[in-house]
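Student: Starting from these lines, generate the structure:
(one chain, ligands or ions: 1)
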Amino acid sequence: MLKDIYNSLLSKKQQEEHAWSLNEDILENQAQLFFSLKSIKGLKIDEPVRIYCLASLEKQSIQTSSIIVRDQSPIEWNEGYTFDVISSKSVLALSIWQGNFNQTNISDSSSKNNNDVKMGSPVISGVNTNLAKLIGKVYIPFLTFKKQFCDQWFPLNGSPSVSIHVKLSFTNSGKKVSVNDFIYLRMIGRGAFGQVNLVKKIDTGRLYAMKIIKKDRCLNMNAVGHTFTERKLLKKYYHPFIVGLKYSFQTQDSLCMVLDYIGGGELFYHISERETFSEETARFYISQIMLAIGFLHEHGVIYRDLKLENLLMDLDGNICLVDLGLCKEDVKEGQYCFTMCGSPEYVAPEIITGTGYSRSVDWWALGTLFYEMIAGLPPFYSEDPHEMSKLILSSPLKFPPNISKNAASLISLLLNRDPTKRLGSGESDVEEIKAHPFFKSMNWSKLLNKEVDPPFKPHLIGPLDLSYFDPACTLQSQPINPYTTNSNLSESDQMAFQGFSYSAPDIFNLTNNNSSGSIGVNTSSGGSAQNSPYNSLRNTPPSFMKISGSNIFENGRMSPISFSSSPSYNNNNNNNNNVNMNHSGWVQPQSPQSPQPLPQLPILSKLQETTFERRRSLSVNAQTQFTMVLGDDE
Ligand SMILES: Nc1ncnc2c1ncn2[C@@H]1O[C@H](COP(=O)(O)OP(=O)(O)OP(=O)(O)O)[C@@H](O)[C@H]1O
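Tutor: Okay, the predicted model is just below:
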């Protein structure tokens, strides 16, 4: 028992200390933790309550069913869940919550229920998680659960009076993860080199975002380095506010990165809905972004592409930075970069002038982002990118009328055109910014541990609710096919991608008899972008529409994106290498264990403004509204 208490306390300490850490201990193969919550004893109950457990590991989280408890007798669950495990630093965090007996708001409880695979007892009733009270937590580190089987009582909060009975079974098959291990569900995003799909891992049922990058496009756009950089950085570093990479592999045609699925949509979407954020709301997001960027800087990485579109919201309302393709690695103190890159609204003056830049370009972008959040428009916005860069270089900074003194001061210090005087340019980097009075009320360690309540939670009615994604993507019936075998890539072209996968995916060998399929060591350090900052302006931005409808559950019983029979999901077995070929050209792995989710077509309800239209209309208002002018050095 003492050992358990020690382990539990140790793991909590470890979790706090390593909330951001180097991801050095990656298990490069298929490892899983089966977790079963048996029961809880020792609870002192005065009146009937609902009790449930939240379990999380490596950014995957599940919520058990809630059980009505009327007296002191032990509570039995007997529910089981499976997590994918990729790091030997993983900690399984279990928290027990108490909700009001009378709450029956199932939709709120299911919003936490991402990737939920339920077994055992049925859900008795939902509970409004917003009003729930934490009873206690236990942290179970990898060291405890890596022994194959563990069946024991863990004290909550290290106190033996209340404890939970947990069974854990860890397996490491040694099998490399490949594209065969996933089922495609829907396209959720599009980028310059490919697309991002919502996928489901067949054995555990976990949802992930699979970024598929076409090799030919990557070669044509001279972007192999960016892709390697992104994969390398995501694999190397773990941070609460940076998307996690679970697996990476390649097919003959494509590079695939399996990322944590961040279901709350782009921050861009949320600001579009509200036009502006209050300063308090903006402070929350800006602070989380600062922690992520500060972490990258600490490791010699400049992010270079900070913009609303690269900030996603997780299901709890926290920020997640994605798209590390433009990062510059191994930047030493005092070293300058000259590559023109970034998005036109957010590029710092020294990038435009080509005089050389350092990590403080990210702080300029942060200032722009903060301004955009509270004003609804970037500070030097113009529809014409050339005009915009002129404004960035010389236009005076104007503020909306109701801005607070502290917010205006922070923005003007971040938007200092002299990069050596910009806030954050000093040796202590992000610490300089944290010390600004605007952040006086911020508890940074709580924020890092996600213990500060986000301003709002995305409103989702189930794990497959894609309301916050662009319907131009989610409605797309022709996803990129990572299995295509008719690519025109030569052997030497393929050589460029050696080292991308840490596993030799079966499909690569099966579909390319001429290729050895051997995977070497990655020698590319990437970061050779010669992009103009204008390249990434969304000339044809996606139009956002809110999808709504009825409830949705993983097994397709009910769905807000109403499942219907679509030819693109017919499972016509072509008996080819254990994959199913469908009519839309997408090949799916067979999944004997899990039923194929039924195809889904979103019901569109609300048309949102496009990026361009929103910014244009606000731009007109901005001319008349922005009255307060501050010079650079104020
Ligand atoms: N982990 C994720 N979870 C959910 N959605 C995601 C995830 N990663 C990316 N997306 C969606 O896909 C879009 C494109 O992703 P991303 O920016 O990484 O692709 P890209 O090809 O690098 O794009 P770009 O052309 O902007 O560089 C994102 O804006 C987001 O909407």
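Student: Pull out the buried positions in the strand or helix carrying residue 431.
Tutor: Per DSSP states H and E: residue 431 is located in helix 430-434. Judged by neighbour count (16 or more other C-beta atoms under 10 Å), helix 430-434 contains these buried residues: 430, 432-434. Every C-beta, even on glycine, is put in place using the N, C-alpha and C of the backbone.
Student: what's in contact with that helix?
Tutor: Residues external to helix 430-434 that are found in contact with it (C-beta atoms under 8 Å, 6 or more residues apart in numbering): 290-291, 293-294, 297, 363, 366, 410, 414, 423-426, 439, 442, 444.
Student: Would you mind writing the ChimeraX command to select the buried ones in the residues you listed?
Tutor: Filtering the contacts of helix 430-434 down to the buried ones (16+ other C-beta under 10 Å) takes a single ChimeraX command:
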select :290,291,293,294,297,363,366,410,414,423,424,425,439
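Student: From one end of stretch 438-454 to the other, what's the distance?
Tutor: Start and end residues of stretch 438-454 are separated by 18 Å (C-alpha to C-alpha, to the nearest Å).
Student: Give me the nearest residue to residue 336, chain neighbours excluded.
Tutor: residue 356 (3.4 Å; C-beta to C-beta, 6 or more residues apart in numbering).
Student: Neighbours of the one you found, how many?
Tutor: As a burial measure, residue 356 scores 12 neighbours (other C-beta atoms under 10 Å).
Student: repeat for residue 149
Tutor: Other residues close to residue 149 by other C-beta under 10 Å number 11.
Student: Which secondary structure state is assigned to the nearest residue in space to it that is not next to it in sequence?
Tutor: Nearest non-adjacent residue to residue 149, counting by C-beta to C-beta, 6+ apart: residue 169, 5.3 Å away. Classification of residue 169 using DSSP: H, G, I helix; E, B strand; the rest coil returns strand.
Student: Kindly state the pLDDT recorded for residue 169?
Tutor: With respect to pLDDT, residue 169 has a value of 91.
Student: Any idea how many residues pack against it?
Tutor: Using other C-beta under 10 Å, the number of residues around residue 169 comes to 17.
Student: for it, what are its contacts?
Tutor: By C-beta under 8 Å, 6+ apart, the contact list for residue 169 reads 33-34, 148-150.
Student: change it to 7 Å
Tutor: Residues in contact with residue 169 (C-beta atoms under 7 Å, 6 or more residues apart in numbering) are 34, 148-149.
Student: Thought residue 99 was touching residue 134, still the case?
Tutor: No - contact criterion C-beta atoms under 7 Å: residue 134 and residue 99 do not qualify, at 10.9 Å.
Student: quick one on the thing from earlier: can you narrow the contacts of residue 169 down to the ones near the ligand?
Tutor: Contacts with the ligand are made by none of the contacts of residue 169, judged by C-beta under 6 Å from any ligand atom.
Student: Among those residues, which one sits closest to the ligand?
Tutor: Using C-beta to the nearest ligand atom, residue 34 comes nearest to the ligand of those, at 24.7 Å.
Student: Including pLDDT and secondary structure, could the contacts of residue 169 go into CSV?
Tutor: Shown next, in CSV, are these (pLDDT from 0 to 100; DSSP: H, G, I helix; E, B strand; the rest coil):
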residue, pLDDT, secondary structure
34, 91, strand
148, 71, coil
149, 85, strand
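Student: will you turn those residues into CSV that also has distance to residue 95?
Tutor: Listed next are those as CSV, based on distance: C-beta to C-beta, whole Å:
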residue, distance to residue 95
34, 19
148, 25
149, 24
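Student: how about the residues of the stretch 151-300 of the chain that lie near the ligand?
Tutor: Counting by C-beta under 6 Å from any ligand atom, the residues of the stretch 151-300 of the chain near the ligand are 188-189, 191-194, 196, 209, 211, 243, 259-262, 266.
Student: tell me, how many neighbours does residue 152 end up with?
Tutor: For residue 152, the count of nearby residues is 16 (other C-beta under 10 Å).
Student: pLDDT wise, what is it at?
Tutor: For residue 152, the pLDDT comes out at 88.
Student: mind listing what residue 162 touches?
Tutor: 42-43, 136, 156.
Student: Just the buried residues of the residues you listed.
Tutor: 43, 136, 156.
Student: Please enumerate the helices of the stretch 51-200 of the chain.
Tutor: 106-111, 142-145 (DSSP state H, counting those that start in this stretch).
Student: Tell me where the model's unsure across the stretch 101-250 of the chain.
Tutor: 101-131, 158 (pLDDT under 70).
Student: Can you show me the strands along it?
Tutor: 133-141, 149-156, 159-172, 182-190, 194-201, 207-214, 237-238, 245-250 (DSSP state E, counting those that start in this stretch).
Student: What strands line up against the second one, and which way round?
Tutor: The one in question is strand 149-156. Neighbouring strands of strand 149-156 in its sheet, by DSSP bridges, are strand 159-172 (antiparallel).
Student: Same check on the fourth one?
Tutor: Each strand pairing with strand 182-190, determined using DSSP bridges, is listed with its direction: strand 194-201 (antiparallel).
Student: same check, this time on the first one
Tutor: For strand 133-141, sheet partners with direction are given as strand 91-100 (antiparallel), following DSSP bridges.
Student: Name the residues that touch the partner strand?
Tutor: Strand 91-100 is contacted by residues 11, 14-15, 33, 35, 40, 49-57, 66, 127-128, 131-141, 145, 156, 164 when judged by C-beta under 7 Å, 6+ apart.
Student: quick revisit: relative to residue 29, how far out is the residue nearest to residue 149?
Tutor: 17 Å (C-beta to C-beta, to the nearest Å).
Student: what does residue 382 give?
Tutor: As judged by C-beta to C-beta, residue 382 and residue 29 stand 51 Å apart.
Student: out of these two, which sits in the more crowded spot?
Tutor: Neighbours were counted for residue 382 and for residue 29 using other C-beta under 10 Å; residue 382 has more, 19 against 15.
Student: Tell me the secondary structure at the residue of the stretch 301-450 of the chain found nearest the ligand.
Tutor: Nearest residue of the stretch 301-450 of the chain to the ligand, counting by C-beta to the nearest ligand atom: residue 323, 3.6 Å away. Following three-state DSSP, the label given to residue 323 is coil.
Student: tally of neighbours for it?
Tutor: By the measure other C-beta under 10 Å, the count of residues near residue 323 is 20.
Student: show me the residues around it that make contact.
Tutor: 305, 310 are the contacts of residue 323 under C-beta under 7 Å, 6+ apart.
Student: hmm, back to that, quick check, nearest of the buried ones among the contacts of residue 162 to the ligand?
Tutor: Nearest to the ligand among those, with distances taken as C-beta to the nearest ligand atom, is residue 136, at 31.1 Å.
Student: list the helices and strands the lengthiest helix in the chain packs on?
Tutor: Assignment by DSSP state H gives helix 279-298 as the longest helix of the chain. Contact here means 3 or more C-beta pairs under 7 Å, 6 or more residues apart in numbering; DSSP states H and E; on that basis helix 279-298 packs against strand 319-321, helix 360-375, helix 430-434, helix 444-448.
Student: How about the second one, which residues are buried there?
Tutor: Using 16+ other C-beta under 10 Å as the burial criterion, the residues of helix 360-375 that qualify are 360-375.
Student: avg pLDDT for it?
Tutor: On average, helix 360-375 scores 97.
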